[in-house]
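In: after the sequence you'll find the predicted model.
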Amino acid sequence: MPIKLFHRWHPTLALRYLPMLKYIDSKDRVLEVGSGTLGIGPYLNKKFTGADIEFSGPKWPQMKRVIASATKLPFKDKSFDVVVNSDMLEHLPQKDRQQAINEIMRVANKTIIIGVPIGKKAHNQDKKLDQIYLKVHGERHQFLEEQTEFGLPKTSDITKSIDIAVKKHNTKYKLTIIPNMNLSIRMWLMKGWISKNPLTNIFFRKILLLVIPILRLFNHQPVYRKIFVIKLI
């Protein structure tokens, strides 16, 4: 893979998004709910729509940005072939997660890909990283703060919510669950991300990108995240 394609990549993000690409065809209309300013863009290499409540930071040129809440998407039913939702549900209060999945299901025509941190072990790791970040930077990071406050779902929570959403929209589905990112590997990568040491940052943000294919092999349990691929029938 040409090194120029590593622009704006980070190992933790690459490991999150790259497994999703095999479920997206070149002609698919793609929406990412909770995309932020980059989202799947650096890995997808095609035009897509990103929906989020705000878009601060560097912009990805191939993303059409739409300001919207995940619980009320401003799109017609079945507007997109593929809807991606990566590490966003944990940033919503638990009472809003079902409605977000309902909306994702409503606007999807073919495939839904939901990546989300799962379970107690992942939650405990987030709490440790929240403390480390506070110690290093003197303040808490918004994402870690929200994840520790709202808590992470269990696998059964997500599969139940998917089933409820499918029944609500009167359709059938096939579900595949993919383990994603071993907890020890993730802890190591996140400590590098948190570090303020310039050499450490160069190593974790640039040099490690060259060994992403190797890091992708480390998906053995326990994992931090699971990717739920829903094929609508």
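Out: Looks like it came in fine. The shown structure was predicted, so the numbers you read here are calculated from the model rather than taken from an experiment.

In: just the terminal-to-terminal distance for stretch 98-114.
Out: With C-alpha to C-alpha, to the nearest Å applied, stretch 98-114 spans 13 Å between its terminal residues.

In: my guess is Lys154 meets Pro117, correct?
Out: No - counting by C-beta atoms under 8 Å, Lys154 sits too far from Pro117 to count as a contact (10.9 Å). All C-beta spots, glycine's among them, are computed from the backbone N, C-alpha and C.

In: settle it for me: which of these two has more neighbours?
Out: Pro117 (22 against 12; other C-beta atoms under 10 Å).

In: could you check how far the more buried one is from Glu146?
Out: From Pro117 over to Glu146 the distance is 12 Å, taken as C-beta to C-beta, to the nearest Å.

In: joint contacts of these two?
Out: Shared contacts of Pro117 and Glu146 (C-beta atoms under 8 Å, 6 or more residues apart in numbering): Glu90.

In: show me where the protein has its helices.
Out: In the chain, the helices defined using DSSP state H lie at 11-17, 41-44, 94-107, 119-137, 142-150, 155-168, 183-194, 198-205, 212-215.

In: will you turn the ones you listed into CSV that also has mean neighbour count, distance to Pro74 and mean pLDDT?
Out: Supplementary listing: those in CSV, determined by neighbours: other C-beta atoms under 10 Å; distance: least, C-beta to C-beta, whole Å; pLDDT from 0 to 100:
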stretch, mean neighbour count, distance to Pro74, mean pLDDT
helix 11-17, 21, 24, 93
helix 41-44, 20, 20, 92
helix 94-107, 19, 9, 97
helix 119-137, 16, 31, 97
helix 142-150, 16, 23, 93
helix 155-168, 16, 18, 96
helix 183-194, 18, 33, 95
helix 198-205, 13, 35, 89
helix 212-215, 13, 35, 92
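
In: TSV for the ones you listed, including distance to Gln62?
Out: TSV is the format used below for the helices of the chain (distance: least, C-beta to C-beta, whole Å):
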stretch	distance to Gln62
helix 11-17	14
helix 41-44	6
helix 94-107	20
helix 119-137	31
helix 142-150	24
helix 155-168	28
helix 183-194	25
helix 198-205	22
helix 212-215	21
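
In: for Arg29, find the nearest of these.
Out: helix 94-107 (10.2 Å; C-beta to C-beta).

In: show residues contacting that closest one.
Out: So helix 94-107 is in contact with 31, 33, 70-73, 75-80, 83, 85, 88-89, 92, 112, 114, 150-151, 153, 157-158, 161-162, 164-166, 168-169, 171, 230, going by C-beta under 8 Å, 6+ apart.

In: what's the angle between it and helix 155-168?
Out: Between helix 94-107 and helix 155-168, the angle comes out at 50 degrees (axes from the mean of the first three to the mean of the last three C-alpha atoms, to 10 degrees).

In: what distance separates helix 94-107 from the centre of its chain?
Out: Here helix 94-107 is found 15 Å from its chain centre; the criterion is C-alpha atoms, centre = their mean, to the nearest Å.

In: can you get me a residue count around Phe228?
Out: Residues near Phe228, counting by other C-beta under 10 Å: 21.

In: leaving out sequence neighbours, find the closest residue to the residue nearest in space to the middle of the chain.
Out: Residue closest to the average C-alpha location in the chain (C-alpha atoms, centre = their mean): Ser86, at 2.0 Å. The shortest distance from Ser86 to any non-neighbouring residue, by C-beta to C-beta, 6 or more residues apart in numbering, is to Gly115 (4.3 Å).
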